[in-house]
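Asker: Next input, structure requested:
(one chain, ligands or ions: 1)
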Amino acid sequence: MAVLSTDKLQIDIPGRADGSPLDISIQPGELWGVLGPNGAGKTTLLHTLAGLRAPRHGGVSLDGTDLRRLNRRQVARTLAVVFQDHQDSFPATVLETALVGRHPHLSPWDLDTAEDMNIALDALARLELSGMESRVISTLSGGERQRLAITTALTQQPAIWLADEPTNHLDLHHQVAIMRLLRDQAHSGQAVFMCLHDLNIAARWCDRLLLLQPDGQACWGRAEEMLVPDALERLYGQRLQVGTINGARVFVPVE
Ligand SMILES: Nc1ncnc2c1ncn2[C@@H]1O[C@H](COP(=O)(O)OP(=O)(O)OP(=O)(O)O)[C@@H](O)[C@H]1O
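Answerer: Numbering: from 1, shown residues only. Okay, the predicted model is just below:
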């Protein structure tokens, strides 16, 4: 278990004024969502939390240690990132790509063990990719490639997940499967922080939400307190109709 926290963090978007300083603490067991329109800075925030981008001000710490004082291997043993896009430079197979998740746990010249292989095969099964182990990743569909990215993160066995639109490219069945997987991770003590565009996924699955405006202003809190229709309409510049199905709020954009 691990805690990722920010101290007066301001993300660095060139040409943009400083936004709200973020003081958040992503705790074991929590499922966070970040909502905001295109270009608001969700991906920039996620990359800053991962230590892949320098903050403009403030800092990010992992279990109380500033990320800048940890090397990437130390960070990767605890924290997995699921990126929005997958740039595949090498013609790797599905199994090789899943096994990349074990690299932070191996010494530089160690080979994967039988246990690493079992972890990867279990993760592939969980993501319904069994039987595709020897396929070259360039032959996968968009949804299969997305599920493989999540498989690699699962193989990494992180305490903290940072996922950029984890339901990207997925059909409805797989959207639900991925959200259940992430919720199960949270229930077993991991922390999950993800960028989202779907208000209904946010309402159904997230405990905590951060709303990010294009001018950098932000607010955050318990999901039910953040899902205020007026505030969401202002955030997106879009009128919404709000209903309730089985106790869960449902948001439908209207013309
Ligand atoms: N290196 C850069 N130089 C200039 N502007 C940048 C740079 N990187 C990102 N930006 C800008 O920063 C803003 C935030 O981008 P970011 O990808 O974080 O937004 P987002 O909220 O994730 O958007 P989306 O919902 O479209 O994925 C955008 O306006 C983007 O064009």
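Asker: tell me how far the strand or helix carrying residue 124 is from the chain's mean position?
Answerer: Assigned by DSSP states H and E, residue 124 belongs to helix 114-126. Using CA atoms, centre = their mean, to the nearest Å, the distance from the centre of helix 114-126 to the centre of the chain it belongs to is 21 Å.
Asker: Is my assumption valid that residue 74 occupies a position in a helix?
Answerer: Yes: assessed by DSSP: H, G, I helix; E, B strand; the rest coil, residue 74 belongs to a helix.
Asker: Closest to the centroid, which residue in the chain?
Answerer: For the chain, the residue sitting closest to the mean C-alpha position, by CA atoms, centre = their mean, is residue 163 at 1.4 Å.
Asker: Averaged pLDDT, the helix or strand harbouring that residue. What do you get?
Answerer: Residue 163 is part of strand 160-164, with elements assigned from DSSP H and E. For strand 160-164, mean pLDDT is 98.
Asker: do stretch 135-151 as well
Answerer: When pLDDT is averaged along stretch 135-151, the result is 96.
Asker: Of all the residues in it, which ones are buried?
Answerer: For stretch 135-151, a neighbour-count test (16 or more other CB atoms under 10 Å) marks 135, 137, 140, 143, 144, 145, 146, 147, 148, 149, 150, 151 as buried. In short, each C-beta sits where N, CA and C put it, glycine included.
Asker: Export those to JSON lines and append columns for secondary structure.
Answerer: Formatted as JSON lines, the buried residues of stretch 135-151 follow (three-state DSSP):
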{"residue": "135", "secondary structure": "coil"}
{"residue": "137", "secondary structure": "helix"}
{"residue": "140", "secondary structure": "coil"}
{"residue": "143", "secondary structure": "helix"}
{"residue": "144", "secondary structure": "helix"}
{"residue": "145", "secondary structure": "helix"}
{"residue": "146", "secondary structure": "helix"}
{"residue": "147", "secondary structure": "helix"}
{"residue": "148", "secondary structure": "helix"}
{"residue": "149", "secondary structure": "helix"}
{"residue": "150", "secondary structure": "helix"}
{"residue": "151", "secondary structure": "helix"}
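Asker: Need the max-distance pair from those.
Answerer: With CB to CB as the measure, no two of those lie farther apart than 135 and 150, at 16.4 Å.
Asker: quick one: contacts for residue 59?
Answerer: For residue 59, the contacting residues are 6, 7, 8, 9, 66, 67, 68, by CB atoms under 8 Å, 6 or more residues apart in numbering.
Asker: Could you report the neighbour count for residue 251?
Answerer: Residue crowding around residue 251 was assessed by other CB atoms under 10 Å; the count is 19.
Asker: again with residue 184
Answerer: When counting by other CB under 10 Å, one arrives at 11 neighbours for residue 184.
Asker: Residue numbers of the stretch 1-150 of the chain in contact with the ligand?
Answerer: With CB under 6 Å from any ligand atom as the criterion, the stretch 1-150 of the chain meets the ligand at residues 13, 14, 36, 38, 39, 40, 41, 42, 43, 44.
Asker: hmm, 5 Å instead?
Answerer: The stretch 1-150 of the chain comes close to the ligand at residues 13, 14, 38, 39, 40, 41, 42, 43, 44, as judged by CB under 5 Å from any ligand atom.
Asker: Which residue, neighbours along the chain excluded, lies closest to the fifth one?
Answerer: Once flanking residues are discounted, residue 40 sits nearest to residue 212: 4.5 Å by CB to CB, 6 or more residues apart in numbering.
Asker: tell me the phi and psi of the one you found?
Answerer: phi -120, psi 120 (degrees, to the nearest 10).
Asker: Could I get the contacting residues of it?
Answerer: Per CB under 8 Å, 6+ apart, neighbours of residue 212: 19, 34, 35, 36, 40, 41, 42, 45, 218.
Asker: Now the fourth one: closest residue in space, sequence neighbours ignored.
Answerer: So the one you mean is residue 36. Spatial nearest neighbour of residue 36, excluding adjacent residues (CB to CB, 6+ apart): residue 212 at 3.6 Å.
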